[in-house]
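Q: Here is a sequence with its predicted model. Questions after.
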Amino acid sequence: MSELKVYNSLTRTKEVFTPVTPGYVGMYVCGPTVYSDVHLGNCRTFISFDIIYRYLKYLGYKVRYVRNITDAGHLEGDRDEGDDKFSKKARLEQLEPMEIVQKYTLGFHKVMELFNNLPPTIEPTATGHISEQIEMVKQIIANGYAYIVDGTVYFDVEKYNKEKPYGILTNRKLEDLLEGTRALGGQDEKKGRLDFALWIKAKPEHLMQWPSPWGMGFPGWHIECSAMSGKYLGKQFDIHGGGMDLAATHHTNEIAQSQACYHTSPVNYWLHTNMLTVNGARMSKTAGNGFLPHQLFTGDHPLLDKAYAPMTVRFFMLQTHYRSTLDFSNEALQAAEKGLKRLWEAYENLSSLVYQDIDNAQLDNELEKRCINLVNGFDESMNDDFNTAKVLANMFELAPVINSLKHGQVLLASISKQTLELLQNKFSAYLFDIFGLKNEKENDSALLDGVLQLLIQIRKEAREKKDFTTSDKIRNKLQQQGITLKDEKNGSVSWAID
RNA sequence: GGUCCUGUGGCCGAGUGGCUAGGCAGAGCUCUGCAAAAGCUCCUACAGCGGUUCGAAUCCGCUCGGGACCUCCA
């Protein structure tokens, strides 16, 4: 089998993945800022990394997956004045800041569960790691890369850049960055216009503030990830992930902070997911074009024709590579819904096949070989920077083969028992364990099936008497209720909920 | 302005220089009391113009279009 290769933003190439400690992987993903509902763009990133997490586990790695909850300190805009988002929202909703945090953290977890994302192994909060952040800031000051102005601590970017390339992650030179930076207000305190705050002095009216060696304040925008990844994954760890929008500022500053503190590059592989777009423009909180998950599940949104199930959305996202932009549209979602249905039917057909060793002479070597190649292609594609779309294409190529085996167009003995088992095992592993899909039909109760079996029996008797009026009535009425009856080749009848 | 990404058939989308990805939609056929489902077949595209090459969707250059980041955002 091939080796796992991942696209590393730091080097802008695909590299063979070699963890720091053989057999173990440390992965940090930037989590949500919990002052409002997560939108689908946020969800895309978390789903992408959920797949990556699941695949690493499938490969046999023991993975420590850390995803933070940002619940402190983010300012509105690039200013040293102004409230943090939690205080502002708290005033609007007349709640304690920690009530806001609680509310949206619970909402976030609920959404992650609906999408069937596995929880991270550690989910640390910024407010729970204030002292770690303060210690890190102290160390950066001690190392000479930060300065204090009236209770606020700034990182000295220009000094840092003399030793290490500050813009390494996005391939930018400091001069270019300085040129591109617009003059913003409230920057008089800073020595350099790219300098960013590690610790921010709080005004008396700030609701969230903590004591520090520099007075009452709150942590800067980027230090929490550096402090918490360092604490749980070490000074140098394997994978750091997040949305592409975080690379230029947040991740760039994380690298600088960790270098300045520990004198080591914190992350070996930087993985960035691309944006979800609506009509070609990026979905974002501030642009107001965000879809909330519940709007999608209920269809309650002006741009949506109907409701879509969480698994349809998950599948929709799997059809595109995580580093490509994905455009959100009704047409694309409907296509995904139908495609997923077809895949489930193929999977159900596959699982129902029981091998019968009738005659080995009927083995179709060509078909056998084709099946094996397509199945082995699953791992090959995933090893190529998690190409989920390619895996799905192979599955769809196998679907007609599976369906033919089931419906008798092709004899089951055309493939060997081992190959059938290989298909069954790999489909199951990929659909459930790696892609994290679940069959929403599973909720169907035994009771419903019992009732339908009765109707199917009555219809069968009617058909035997050529009483098609009755038989069609049963089928049509059930269809109106959203239940489809299918007369199979062998005379049995199956049913499905649309 | 700077740093990048991107342009694939009606739509969505994968793509390692040579072997028509795949899905959805559409058309025809087989099966069937009729449907549905399933199977088979058809629809062979790579923004434009040059270049490299025996051979380019894939590499290079230019032109045009779209997008992201440089300011909180996954």
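A: In hand now; what should we look at?
Q: check contacts around the spatially closest residue to A:Tyr430 that is not a sequence neighbour.
A: Nearest-residue entry for A:Tyr430: A:Phe378, 5.7 Å, with adjacent residues in sequence omitted and distances by Cβ to Cβ, 6 or more residues apart in numbering. C-beta here means a position set from N, CA and C on the backbone, and glycine is covered the same way. Counting by Cβ atoms under 8 Å, 6 or more residues apart in numbering, A:Phe378 makes contact with A:391, A:394-395, A:426, A:430.
Q: other SSEs contacting whichever strand or helix holds A:Phe427?
A: Element membership for A:Phe427, per DSSP states H and E: helix A:417-428. Here helix A:417-428 touches helix A:330-352, helix A:365-383, helix A:388-407, going by 3 or more Cβ pairs under 8 Å, 6 or more residues apart in numbering; DSSP states H and E.
Q: can you confirm A:Asp176 is in a helix?
A: Yes - judged by DSSP: H, G, I helix; E, B strand; the rest coil, A:Asp176 forms part of a helix.
Q: Excluding chain neighbours, what is closest to it?
A: Closest residue to A:Asp176 apart from its sequence neighbours, by Cβ to Cβ, 6+ apart: A:Gly167 at 7.7 Å.
Q: Then A:Asp37?
A: A:Asp37 sits nearest to A:Leu292 (Cβ to Cβ, 6+ apart), 5.2 Å away.
Q: those helices in the stretch 1-150 of chain A, which residues are they?
A: For the stretch 1-150 of chain A, helices defined by DSSP state H, counting those that start in this stretch occupy the ranges A:40-58, A:85-93, A:97-114, A:130-142.
Q: tell me the mean pLDDT over the third one?
A: In other words, helix A:97-114. When pLDDT is averaged along helix A:97-114, the result is 94.
Q: coming back round to it: so which of the helices and strands packed on helix A:417-428 is the most surrounded?
A: Here the criterion is mean neighbour count by mean count of other Cβ atoms under 10 Å, and of these the winner is helix A:388-407, at a mean of 18.
Q: Surely A:Ala346 and A:Ala399 touch.
A: Yes - A:Ala346 lies in contact with A:Ala399 (Cβ atoms under 8 Å); the separation is 3.9 Å.
Q: okay, the angle between the helix holding A:Phe427 and helix A:388-407?
A: Counting by axes from the mean of the first three to the mean of the last three Cα atoms, to 10 degrees, helix A:417-428 lies at 130 degrees to helix A:388-407.
Q: What residues of helix A:417-428 count as buried?
A: Within helix A:417-428, the residues that count as buried by 16 or more other Cβ atoms under 10 Å are A:419-420, A:422-424, A:426-427.
Q: Identify the farthest-apart pair in these.
A: A:Thr419 and A:Phe427 (12.3 Å; Cβ to Cβ).
Q: Name the residues contacting each of the two.
A: Common neighbours of A:Thr419 and A:Phe427 (Cβ under 8 Å, 6+ apart) do not exist.
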